[in-house]
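Peer 1: The amino acid sequence is not available; the structure is as follows:
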Ligand code: ADP
Ligand code: MG
C-alpha cells in the first residue's frame, strides 16, 4: 500500500490565539480543535497533575493564574532587559526571571517542583498542540510546516520562533510574515489577473498587538512595502478599559472596591470580554456576574456608544498608525485597492467605521474570516514549498522585506548599514571596511539591527572577528563583509580580505542571542517527556467532558420537556437534584480521575433513566 504523504501545514502562532490550516482537495481547510473551535488559545498551564495546553489551559488560568502562561510571543527572542519585556512582566500574574545571557525564563510550580522554561519551550508546547490538532484531523504524522510571525519581528525573534518549531518536532520550511499570509489569503480568492498591480492594506488588530502593513501584489509576487503598529495595543487593552469602567461603577453603587480582589477582577474581566464580543453584533448588552462580591450579584448594561467612548483614543491611534504606514510605504490612501481585516478585534464596528471613513466605503474586505486569514495564507505557502499545491498555488511568488536595517559598528560607535530596512529578502549585500590602526592584524565587528545611528542603541545580534591580516598601514587593507538573508529573514554574515583574495577565518559568536544546538536538543528530549503526561491528561478530560455534555444535555431536556406528563413530580425533583449535583461536582473538579468521572456518569445516567426511556419511546 502506498504510504500517505503527510501534508505540510500552516500555523498562525498568535499572542492570544493560534490557528492551523492545511491545503487539501484543492482548497484550504482550517482545522478545528477537539472542542470544535477553529482557533486555540496560546495558553499553557501547569496544573497539579498535568500540563494543559490550549482550551483547557485557558480555563485553568482563572483557577491557577500563577502557573498559567500566555502571551509568550512578547518574550520570544527578546532580552530580559528589553524595556518592552519589563512592561509585560509587570502585567502578568506568572513569574519571569532573568536567565543566562539576559534571556527571560518563565517560572512555574509543577508537581511540587519549581521549573523554569524559555519562551521557545512554551511556544513549542503551543506548536505541538497545533501539530496534534492537525494530526488528529489528517490521521497521519505531520512534520513540514510554515509558521507565521509579525512583519516587525527581528532576526533573533525569527530564529527563536524557528527553534520553537524544531523543539516541537516540526520541520519549519519557512518563517512567513503575517501580513503577507493575510494578503495571500485575500489574493488567492480575489485576484484572477495577477498582471494588474494591487496595493493591499492589511489591518490586524488582535488580542495584544496591532500591526498594519502595506502589501504590494504584482505579477503574483507579494511584497511587504512597509509596516507600522503597536506591540501593546489590542483586545486586552480594550477589555481593561471596560473593566475599569465597571470597577468604578461598582464602587459608586455599592461603596465597595474590588480592585484588590483578584478573583473578583478576573471574573469581571471575562464578563467584560464577553460583553465586548456581544457589542460587535448588538448595540446594547449587559455585564452580569453572580456573587461578584459576597452577597452582591452584579448586573449592568453597556451600550455600544459608551463602549466606543471608553476606547476612543485607542481606536484613533489605530488610524494614526494606519496613516504612518502609508506614509512609510509612500502610497497614497487613494492608491490602496483593498483593506483586509485581520485579528479578532477588527470585528469592532467602530473600528470598521473609522476605516471606512478613512479609506472610503468600498475598500473593506471582510470575506475572509478575520481569525483565520493568516493560517490560511500559511497553508498555501506550505503547499507550494512541499509541492502539494495546484497551478493556482504555484503561481504565487512571495517576497518579504527586512523590517529593520542591519549593519556593523564602526569607529565612534556609529552604525554602518549593510542592508537597509525594507529591502526584499532573500538578499545578499557586500560592503568594504578597513583597519583603523597601523599594522592591525585583527578586525572585530559587532552586528546590529535597528535604525539608530549610535550603534550601541540598536539590538546586538552577534559579533565576529577577522584575523590573520598582513600588517599594513591603517586604511590600506580592504575587508569585504557579506550579509546574506535567507527566505526566512534569517541573517548569515561572512567576510573576506580583498588584498589577499583569501577567505578569512571568521567567527560569529551568536550564542548570546539565541539558543545553541545542544540546548535545543535538550529541550526536544524534555518535550517528549511531556507527551506522556499529555496523553494521561487527555483521557481525564475526555471522561470529564463526557459527563459534562451529558449533564448539560439532560438539564436542557428537563427545562424543555413537559416532564410531568412523563414521570411523577417526585421523580422530576430527584432528576433535577441529580443534574444539579453533577454540575456542582464538575465545577469543583477541574481534572478528576477518569474513574471518578465515569462513576459519576453512571450514577447520573441511572437517575435520568426514566426521562431518557420516555423520550426514546416518543421518537
Ligand atoms: P492574536 O493577537 O493572538 O492574533 P486574535 O486575532 O485571535 O489574536 O484576536 C483575539 C482578540 O480578539 C481577543 O482580544 C478577543 O477578545 C477579540 N475578539 C474576538 N472576537 C471578537 C468580536 N466578535 N468582537 C470584538 N473582539 C473580538
Ligand atoms: Mg494574529
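Peer 2: Yep, that arrived. These numbers come from a predicted model, not from an experiment. Ligands and ions are numbered 1, 2, ... in the order given.

Peer 1: Next one: the residue lying closest to residue 286 once chain neighbours are set aside, what pLDDT does it get?
Peer 2: If the residues on either side of it in the chain are set aside, residue 286 comes closest to residue 301, at 5.1 Å by CB to CB, 6 or more residues apart in numbering. Every C-beta, even on glycine, is put in place using the N, C-alpha and C of the backbone. Model confidence at residue 301, given as pLDDT, is 95.

Peer 1: Quick check on residue 301: phi, psi?
Peer 2: phi -90, psi 150 (degrees, to the nearest 10).

Peer 1: burial count for it?
Peer 2: Counted with other CB atoms under 10 Å, the neighbours of residue 301 add up to 11.

Peer 1: What separation is there between it and residue 352?
Peer 2: According to CB to CB, to the nearest Å, residue 301 and residue 352 sit 23 Å apart.

Peer 1: Break the chain into its domains for me.
Peer 2: Taking automatic domain parsing as the domain assignment, the ranges for the chain are 9-233+315-399, 402-515, 519-617.

Peer 1: pLDDT weak spots in this protein?
Peer 2: Counting by pLDDT under 70, the chain has low-confidence residues at 1-4, 397, 399-401, 403, 499-518, 520, 534, 563-564, 618-619.

Peer 1: Please identify the residues of it in proximity to ligand 2?
Peer 2: 14, 206 (CB under 5 Å from the ion).

Peer 1: For the chain, what lies in contact range of ligand 1?
Peer 2: The interface of the chain toward ligand 1, taken as CB under 6 Å from any ligand atom, is made up of 14-17, 39, 206-209, 234-236, 273, 276-277, 280, 343-345, 347-348, 371.

Peer 1: among the residues you listed, which ones are buried?
Peer 2: Among the residues of the chain next to ligand 1, the ones that count as buried by 16 or more other CB atoms under 10 Å are 14-17, 39, 206-209, 234-236, 273, 276-277, 280, 343-345, 347-348, 371.

Peer 1: Which helix or strand contains the nearest residue to residue 366 once chain neighbours are set aside?
Peer 2: Of all residues not flanking residue 366 in the chain, residue 341 sits nearest, at 5.9 Å (CB to CB, 6+ apart). For residue 341, the host element (DSSP states H and E) is strand 338-342.

Peer 1: Make CSV out of the domains of the chain and add distance to residue 261.
Peer 2: Listed next are those as CSV, based on distance: least, CB to CB, whole Å:
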stretch, distance to residue 261
domain 9-233+315-399, 13
domain 402-515, 40
domain 519-617, 20
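
Peer 1: Go through these and name the closest to residue 268.
Peer 2: With CB to CB as the criterion, residue 268 lies closest to domain 9-233+315-399 of those, at 11.5 Å.

Peer 1: all strands of the stretch 51-200 of the chain, in order?
Peer 2: Here the stretch 51-200 of the chain has its strands, by DSSP state E, counting those that start in this stretch, at 51-53, 68-69, 95-98, 104-110, 113-117, 144-149, 171-177, 198-205.

Peer 1: Skipping adjacent residues, who's closest to residue 600 in space?
Peer 2: Nearest to residue 600 is residue 547, by CB to CB, 6+ apart, at 5.5 Å.

Peer 1: contacting residues for that neighbour?
Peer 2: 582, 586, 597, 600-601, 604 (CB atoms under 8 Å, 6 or more residues apart in numbering).

Peer 1: A strand includes residue 248, no?
Peer 2: No. The assignment for residue 248 is helix, going by DSSP: H, G, I helix; E, B strand; the rest coil, so no strand is present there.

Peer 1: Stretch 187-197: which residues count as buried?
Peer 2: So, applying 16+ other CB under 10 Å, buried residues of stretch 187-197: 187-188, 191, 194.

Peer 1: again with stretch 429-439
Peer 2: For stretch 429-439, by 16+ other CB under 10 Å, it's 429, 433, 435.

Peer 1: does residue 243 really touch residue 264, like I thought?
Peer 2: No. With contact defined as CB atoms under 8 Å, residue 243 does not count as touching residue 264 (10.9 Å).

Peer 1: follow-up on the earlier one: name the strands paired with the strand holding residue 341 and say parallel or antiparallel.
Peer 2: As defined by DSSP bridges, the strand partners of strand 338-342 come to strand 198-205 (parallel), strand 364-365 (parallel).

Peer 1: What are the contacting residues of that strand?
Peer 2: 178-179, 182-183, 185-186, 190, 198-206, 347, 352, 355, 359, 363-366, 368, 370, 373-374.

Peer 1: which residues sit against whichever helix or strand comes after it?
Peer 2: Moving toward the C-terminus from strand 338-342, the next helix or strand (DSSP H and E) is helix 349-359. For helix 349-359, contacts defined as CB under 8 Å, 6+ apart pick out 201, 203, 205, 279-280, 304, 307-308, 311, 315-316, 318-319, 322-323, 333, 336, 339, 341, 345-346, 364.

Peer 1: contacting residues for the nearest residue to residue 614 once chain neighbours are set aside?
Peer 2: Spatial nearest neighbour of residue 614, chain neighbours left out: residue 566 (4.2 Å); criterion: CB to CB, 6+ apart. By CB under 8 Å, 6+ apart, the contact set of residue 566 is 610-611, 614.

Peer 1: how about a markdown table for the residues you listed, with neighbour count and secondary structure added?
Peer 2: Shown next, in a markdown table, are the contacts of residue 566 (neighbours: other CB atoms under 10 Å; DSSP: H, G, I helix; E, B strand; the rest coil):
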| residue | neighbour count | secondary structure |
| --- | --- | --- |
| 610 | 17 | helix |
| 611 | 19 | helix |
| 614 | 14 | helix |
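
Peer 1: Which one of those residues is nearest to residue 257?
Peer 2: residue 611 (46.8 Å).

Peer 1: The closest one contacts residue 557, correct?
Peer 2: Yes. Using CB under 8 Å, residue 611 is in contact with residue 557, at 6.3 Å.

Peer 1: returning to that earlier point: tell me which residues form a beta bridge with the residue nearest to residue 366?
Peer 2: Beta-bridge partners, per DSSP bridges, of residue 341: residue 203.

Peer 1: gap between residue 60 and ligand 1?
Peer 2: As judged by CB to the nearest ligand atom, to the nearest Å, residue 60 and ligand 1 stand 18 Å apart.

Peer 1: And residue 550, by the same measure?
Peer 2: 29 Å.

Peer 1: hang on, isn't that residue packed against residue 603?
Peer 2: No. Counting by CB under 8 Å, residue 550 stays clear of residue 603, with 11.0 Å between them.

Peer 1: Determine the number of other residues adjacent to the residue of the stretch 451-600 of the chain found nearest ligand 1.
Peer 2: Per CB to the nearest ligand atom, residue 489 is where the stretch 451-600 of the chain lies closest to ligand 1, at 19.2 Å. Residue 489: 25 surrounding residues under other CB under 10 Å.

Peer 1: Which residues does the helix or strand where residue 213 lies contact?
Peer 2: In this structure, residue 213 sits in strand 210-218 according to DSSP H and E. Residues outside strand 210-218 that contact it (CB under 8 Å, 6+ apart): 150-152, 177-180, 183, 187, 191, 194, 197-204, 222-230, 233-234, 317-318, 321-322, 325-326, 329, 331, 336, 343.

Peer 1: Give me the subset of the residues you listed lying in helices.
Peer 2: 178-180, 183, 187, 317-318, 321-322, 325-326, 329 (DSSP state H).

Peer 1: from those, which single one is nearest ligand 2?
Peer 2: residue 178 (6.3 Å; CB to the ion).

Peer 1: How many residues are close by that closest one?
Peer 2: 31.

Peer 1: Next: residue 533.
Peer 2: When neighbours are counted by other CB under 10 Å, residue 533 comes out with 15.

Peer 1: where does it land in three-state SS?
Peer 2: helix.

Peer 1: what sits against it?
Peer 2: 50-51.

Peer 1: for the stretch 401-550 of the chain, what spans make up the helices?
Peer 2: 517-560 (DSSP state H, counting those that start in this stretch).

Peer 1: ranges for the strands of it?
Peer 2: Using DSSP E, counting those that start in this stretch, strands in the stretch 401-550 of the chain cover 406-410, 414-419, 424-425, 427-433, 443-449, 459-467, 479-485, 491-497, 505-509.
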